[in-house]
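Participant: next one to model:
(one chain, ligands or ions: 2)
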Amino acid sequence: VQTVYLNDYQQPAYWIDKTELEVDIYSGETFVRSRLTMRKNSSIEGAQLDLHGEGLELLEIAIDGEPLSEERYVQGPSVLSLTPETEKFVLETKVRIEPEQNTSLEGLYRSRTMYCTQCEAEGFRKITYYLDRPDVMSDFTTRVSADKSRCPVLLSNGNLVEAGSLDNGRHFATWHDPHKKPAYLFALVAGDLAKVEDSFTTCSGKQVALEIFVEEKDLGKCDHAMQSLKKSMQWDEQTYGREYDLDIFMIVAVDDFNMGAMENKGLNIFNTSCVLASPTTTTDAGFQRVEGVVAHEYFHNWSGNRVTCRDWFQLSLKEGFTVYRDSEFSADMGSRTVKRVEDVSLLRTHQFAEDAGPMAHPIRPSSYMEISNFYTLTIYEKGAEVVRMIANLLGPELFRKGTDLYFERHDGQAVTTEDFVRAMADVSGRDFSQFDNWYNQAGTPELTIVDAYDENAREYTLTVSQYTPATPECAVKKPFHIPLRMGLIGEAGELALTLADEIAEDLPEDNTDRVLEVTQTTQSFVFHNVPEKPVPSLLRNFSAPVKLKYDYSRDDLCAIVMRDSNGFTRYEAVQSLCMAAINDAMAAGEGGRFVLDERLPRVYRSLFAQAELDQAMFAYMLTLPAEGYIAEQQSEIDPQAIYQARSKVKSALAQALAGELEQTYRALSVDVEYSADAESIARRSLKNVCLSYLMDQPSDATLELCKTQFETATNMTDEIAALTAMVMSENAKAQAAAAVALSDFYVKWRDEALVVNQWFALQARNPAAGGLKRVNDLLQHEAYDSSNPNKIRAVIGGFCGGNTPNFHSLGETPEQGGYAFLAQQIQQLDAKNPQIAARLLTPLTRWRRYAPAYSQAMRSQLEALLEMPSLSPDCYEVVSKSLA
Ligand code: B3K
Ligand code: ZN
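Facilitator: Residues are numbered from 1 along each chain as shown. Ligands and ions are numbered 1, 2, ... in the order given. Next up is the predicted model:
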C-alpha cells in the first residue's frame with residue numbers, strides 16, 4: 001500500500017476540456033464509451049499520460065479516431081499509460097463494467113432496483129479511464145441508455161438536452177452540465193423512481209425546478225426534505241449572497257449508501273435515512289438530520305463545486321467550511337445555543353478521541369494511504385471549528401467580505417486551504433501566520449488556566465498556558481492562536497472587563513464579554529478595577545476546540561449555572577458538576593458506597609423551577625456526559641467502571657429528583673397536536689429525558705405510564721423514546737416489558753426499513769447481560785442485510801459504539817468477547833465493502849488508552865487482522881497505524 005504526500009503535489013500532465021460519456025446499462029453488464037478532448041499541460045514536462053482505471057475491461061481505445069495497437073499503451077491494475085503524439089487530441093475508450101457485482105458502493109453500482117453512482121473521492125475510475133483527480137475540471141455531456149420498463153428514469157448532472165426511444169424496449173437521455181467540474185462530482189441514476197416536484201425562484205428571479213426522486217412507496221416522506229431545500233436556497237442567498245446556478249436541482253434517495261449524502265452537481269444522491277421523514281416513522285433527531293444534510297449538500301454547490309479542492313489534502317477546504325455553513329443554518333432555523341451544545345458534544349466525544357489516537361491528523365493532512373479514511377470528524381467538525389474561529393475573529397461583516405472575495409477570486413477553480421485563509425487575511429489585514437498551525441498540526445490543545453486576585457490592587461490575573469500532546473505526525477507543537485472568549489462573574493452579576501492597557505471610558509457600555517487572543521505558551525491577562533474575587537466564565541460558546549483546565553470548585557460551578565449570561569457556559573458548568581459526581585462514583589469503586597453530592601440535585605431543582613429556561617437546553621443539561629466524553633477525561637480508560645459510575649449517578653439523580661421528574665413528565669405529556677417546530681421538539685426531548693430517569697427504577701405506575709406512551713404515541717419520537725427507556729433500564733420488570741414491546745414494534749414496522757434500522761440499533765445497544773448472543777441473533781434476523789450499510793451501522797456499529805458492558809466484555813479466551821466479534825465482522829465485510837469495514841475499526845484503534853486487560857485484548861485482534869493476506873488498503877492503513 002502506497003503513501004501519498006502533499007509535498008509531492010504536481011499539476012496533471014494533461015487537461016480534459018470536454019468529457020462525453022455514453023453509458024449503456026444492460027442487465028448484468030454496462031458499457032461505458034468515453035470521448036475525452038484533451039490538451040497537454042505546458043507547465044509539466046514529459047508527455048506520458050497516466051489514466052486512472054480500476055476493475056475496467058478495456059474493449060476499445062483510439063486517439064483521434066485511430067485505434068491504438070497494444071504496444072502503444074500499458075495496462076496496470078489501476079493505471080493505463082500511453083504517450084500521445086500531439087498536444088491536443090481526442091482519446092476514446094470503451095469499457096465493460098458490472099455494477100451488479102459492485103459491493104463496494106463506489107463507482108456505478110446497483111441498489112435494490114436502481115443503478116446509481118458514488119464517485120467521491122476516487123470512484124470515477126471504476127466507471128471509465130480518466131484523470132480522476134479534483135484539479136482536472138471538465139465540461140460533461142452524458143448519454144445514458146437502459147431498458148425503458150426497468151429504468152424509466154435516467155438522470156445525470158446538469159440540464160436535460162435530449163431524450164427518446166431506442167430499439168428493443170430501450171430509451172436514452174442526454175444531460176449536459178454547463179459548469180466545469182472534477183470527476184468526483186459526476187453522478188448518474190437509472191431506475192424506477194417516482195418524484196416530488198416543487199420550484200424555487202432565486203433572488204435574481206430565475207425559476208429552478210426542484211425534484212426529489214424516491215421509490216413510489218416513499219412519496220409521502222419527501223415534504224420535509226423539500227422544505228429544507230427551499231430554506232437552504234434562501235438562506236444561502238441571504239447569508240452568503242450565493243444564488244443557485246442551474247435550471248434544475250435533483251435529489252435521489254438510495255437505500256444502500258456508504259455515508260449520508262453526496263453533493264454531485266445538480267444531482268445530489270442521498271442515503272434514504274437523510275431524505276425521508278414523516279412524523280410516524282422519523283424521530284425529531286431524524287427530522288433535524290434531514291434538514292442539516294439537505295442544507296450541507298446544497299451549500300456545497302458553492303463551497304465545494306463552484307470552488308473545489310486542488311487535491312484531497314485540501315478536503316477540509318470544502319468540508320470544514322460547509323459544515324460551518326450548515327451548522328449556522330441550523331442555528332438560525334432553531335436554537336443557536338442548543339445547536340452549539342450538540343456540535344460541541346460531538347466534537348468532544350468523538351473528534352477529541354480521534355485527535356488523541358493513532359489516526360490523528362491535522363485538518364490539512366500531509367499524507368495518506370487511502371483517502372476514504374480521511375472523511376473524518378477532524379476534517380469535518382474540527383475543520384468547521386477552525387472556520388468558526390476565523391469568522392469570530394473577523395466578525396460578521398468582514399467574514400462576509402472574506403467569503404465574497406474567496407468565491408469571486410476562485411470561482412471555477414480547484415484551490416487550497418491557503419487560498420481560503422488568504423482571502424480572509426486580505427479583507428481584514430490580519431496576520432494569519434500563527435493561526436495556520438490549526439491547519440498543519442494535529443492534536444487537541446490543553447489550555448490550563450490559573451487565576452489570582454489582589455484585593456488591595458483590585459487586580460485579577462488569568463494566567464493561560466497551552467500544551468498540545470504529541471501526535472503521530474509531530475511530537476513537539478508550536479503554540480496555537482487561541483481565541484478565548486470569557487467573562488467574570490461577581491456576587492451580583494457580571495463584572496466590567498478592563499485590561500491593563502485599557503481605559504474604562506473607551507470601552508463599550510456592555511463590557512462584560514471579551515475574546516482574549518492567546519498566542520504564547522504561557523501568557524497572563526491582568527484585569528483592573530475588579531471589585532471582588534470573581535468566578536471566571538471561560539471558553540464561552542466553546543470559542544476554540546481545546547480542552548479547558550481550570551480548577552473550578554463545585555460552588556464556582558453553581559455560581560456559573562445560576563448567574564452566567566452565556567447559555568453555553570451554564571450548560572458546561574452543569575456538565576462539569578455531573579463529571580464531578582461521576583468521578584466520585586468512580587472513586588468509590590464498584591462495591592463502594594457512593595453518596596451524591598447534594599449540590600448537583602440542588603442545581604437541577606432550581607433549573608426545574610426556571611420557567612424561562614429553554615426546554616431543549618434543559619434536556620441537554622439533564623443528560624449526563626456520554627461515556628465517550630467521560631473516557632476522554634481519564635488517563636487510563638476502564639470502560640466498565642465508566643459505565644457503572646455513570647449508571648450510579650443516574651440512579652442517584654433519579655431518586656433525588658423523583659418528584660420534579662414525574663411532575664415535569666406529566667405536565668409535558670398532556671396531549672398536544674404533533675408538530676416538528678423547535679418548541680415542540682424541545683418539549684418532547686425534555687419529557688423523554690425525564691422518562692428515561694423515571695424508568696431507572698420504575699414503580700408499577702411509572703412503568704404503566706411508559707407503556708401507555710409507547711402504545712398511544714402518534715409520532716416516532718415518543719414511541720421509540722418509551723421503548724428505549726424500557727430497553728435501557730436495568731430494572732427487571734422494565735426489561736420484561738421491553739421484550740414484549742420490541743416484538744410488537746417489529747410487527748408494526750417491519751415494512752419500514754428506516755424504522756427497522758432504529759429497532760436494530762436499539763437492541764444492539766441493550767446493556768443487559770447476554771449482549772453478544774443477542775447481537776449475533778440480530779445478524780441472523782430476516783430483516784438484516786449484510787450488504788446494506790445502514791443495517792451494518794445499526795447492528796454492528798450500535799453494539800460496538802453504544803453498548804459498553806457487552807462490547808467490552810472480554811470473554812474467557814481471545815476468540816470470545818466483543819472485540820473478537822468485531823474483528824470477525826470486519827474480516828467478512830472487508831472483502832465486500834472496505835470503506836465500511838475500515839470505519840468499524842474505530843473502537844479498536846483506541847487500544848492504547850485502555851486499562852491493560854482491555855488494551856491487550858484489543859491489540860491482539862488488531863494483530864490478527866494485520867495478518868490477513870487480503871486486507872484492503874482501507875483497513876490496512878487503519879490497522880497498521882494503530883499498531884505502529
Ligand atoms: N462529500 C461527501 C462525502 C464523500 C465521502 C466519500 N467517501 C458528502 C459530504 O460531505 O457532503
Ligand atoms: Zn460535505
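Participant: sheet-wise, list the partners of the helix or strand of the chain with the lowest mean pLDDT with their directions.
Facilitator: Averaged element by element with mean pLDDT, DSSP states H and E, the chain has its least confident helix or strand at strand 493-494 (a mean of 94). Using DSSP bridges, strand 493-494 pairs in its sheet with strand 482-490 (antiparallel).
Participant: just the buried residues of stretch 531-538, please?
Facilitator: The neighbour-count check on stretch 531-538 (16 or more other CB atoms under 10 Å) flags 534-538 as buried. To be clear about C-beta, it is placed using only N, CA and C from the backbone, and glycine gets the same treatment.
Participant: name the residues of the stretch 151-300 of the chain found near ligand 1, please.
Facilitator: 259, 261-263, 296-297, 300 (CB under 6 Å from any ligand atom).
Participant: that should have said the chain, apologies.
Facilitator: Going by CB under 6 Å from any ligand atom, the residues of the chain near ligand 1 are 120-121, 259, 261-263, 296-297, 300, 319, 372, 375.
Participant: just the ones of those in strands?
Facilitator: 261-262 (DSSP state E).
Participant: average model confidence for the helix or strand hosting Arg570?
Facilitator: Using DSSP states H and E, Arg570 sits in helix 567-588. Averaged across helix 567-588, pLDDT comes to 98.
Participant: touching, Met621 and Ser606? I think so.
Facilitator: No - distance between Met621 and Ser606: 11.5 Å, which falls outside the contact criterion (CB atoms under 8 Å).
Participant: pLDDT value on whatever residue of the stretch 101-250 of the chain ends up closest to ligand 2, please?
Facilitator: Closest contact between the stretch 101-250 of the chain and ligand 2, by CB to the ion, is at Glu120 (8.9 Å). Confidence at Glu120, expressed as pLDDT, is 99.
Participant: ok, now the one 5 residues further on?
Facilitator: On pLDDT, Arg125 comes in at 99.
Participant: so what's the residue lying closest to it once chain neighbours are set aside up against?
Facilitator: Closest residue to Arg125 apart from its sequence neighbours, by CB to CB, 6 or more residues apart in numbering: His52 at 3.8 Å. Contacts for His52 (CB atoms under 8 Å, 6 or more residues apart in numbering) come out as 78-79, 122, 124-125, 129-133.
Participant: doesn't Tyr643 belong to a helix?
Facilitator: Yes - counting by DSSP: H, G, I helix; E, B strand; the rest coil, Tyr643 falls inside a helix.
Participant: looks like it contacts Thr804 (just checking).
Facilitator: Yes - using CB under 8 Å, Tyr643 is in contact with Thr804, at 4.3 Å.
Participant: tell me, what's touching those two both at once?
Facilitator: 627, 767.
Participant: run a quick neighbour tally on the residue of the stretch 101-250 of the chain closest to ligand 2.
Facilitator: 25 (other CB atoms under 10 Å).
Participant: how about it, what does it touch?
Facilitator: Contacts here follow CB under 8 Å, 6+ apart; on that basis Glu120 touches 184-185, 262.
Participant: would you map the helices across the stretch 251-400 of the chain?
Facilitator: 284-299, 315-333, 336-346, 352-355, 377, 383-410 (DSSP state H, counting those that start in this stretch).
Participant: same list (those helices) but as CSV, adding mean pLDDT, mean neighbour count and distance to Glu70.
Facilitator: Formatted as CSV, the helices of the stretch 251-400 of the chain follow (pLDDT from 0 to 100; neighbours: other CB atoms under 10 Å; distance: least, CB to CB, whole Å):
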stretch, mean pLDDT, mean neighbour count, distance to Glu70
helix 284-299, 98, 23, 43
helix 315-333, 99, 24, 38
helix 336-346, 97, 19, 53
helix 352-355, 98, 23, 47
helix 377, 98, 18, 47
helix 383-410, 98, 19, 42
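Participant: how is the protein partitioned into domains?
Facilitator: Here the domain parsing of the chain from automatic domain parsing is 4-192, 308-440, 446-479+481-551.
Participant: tell me the phi and psi of Leu762?
Facilitator: Main-chain torsions, Leu762, degrees, to the nearest 10: phi -60, psi -40.
Participant: so which strand or helix has Ser81?
Facilitator: Ser81 belongs to strand 79-82, assigned by DSSP H and E.
Participant: and that strand, what other elements does it pack with?
Facilitator: Contacting strand 79-82 under the criterion 3 or more CB pairs under 8 Å, 6 or more residues apart in numbering; DSSP states H and E are the following elements: strand 49-52, strand 73-75.
Participant: who wins for proximity to Pro365 among those strands?
Facilitator: Of all those, strand 49-52 sits nearest to Pro365, with 20.6 Å by CB to CB.
Participant: after the closest one comes which helix or strand?
Facilitator: Assigned by DSSP H and E, the successor of strand 49-52 is strand 57-63.
Participant: helices and strands around that next one, which ones?
Facilitator: strand 88-97.
Participant: might you list the low-confidence residue ranges for this protein?
Facilitator: Along the chain, no part satisfies pLDDT under 70.
Participant: so which bits of it are right by ligand 2?
Facilitator: By CB under 5 Å from the ion, the part of the chain that sits against ligand 2 consists of 319, 322.
Participant: at 8 Å instead, please
Facilitator: Counting by CB under 8 Å from the ion, the residues of the chain lying close to ligand 2 are 263, 296-297, 300, 304, 318-319, 322-323, 380.
Participant: and Glu867, how many residues sit next to it?
Facilitator: 9.
Participant: quick check: phi and psi on it?
Facilitator: phi -70, psi -20.
Participant: what of Trp175?
Facilitator: Dihedral angles (degrees, to the nearest 10) for Trp175: phi -120, psi 140.
Participant: partners of it in the sheet?
Facilitator: Beta bridges link Trp175 to Thr142, Leu160, judged by DSSP bridges.
Participant: and the gap between the residue nearest to Ala884 when sequence neighbours are not counted and ligand 1?
Facilitator: Using CB to CB, 6+ apart and skipping the chain neighbours, the partner closest in space to Ala884 is Pro358 (6.7 Å). Using CB to the nearest ligand atom, to the nearest Å, Pro358 is found at 20 Å from ligand 1.
Participant: count the neighbours of Pro358 for me.
Facilitator: Around Pro358 there are 19 residues (other CB under 10 Å).
Participant: show me the residues around it that make contact.
Facilitator: Contacts of Pro358 (CB under 8 Å, 6+ apart): 472, 845, 848, 881-884.
Participant: three-state assignment of whichever residue of the stretch 551-700 of the chain sits closest to ligand 1?
Facilitator: Minimum separation of the stretch 551-700 of the chain from ligand 1 (CB to the nearest ligand atom) falls at Gly628, amounting to 22.1 Å. Secondary structure assignment for Gly628 (three-state DSSP): helix.
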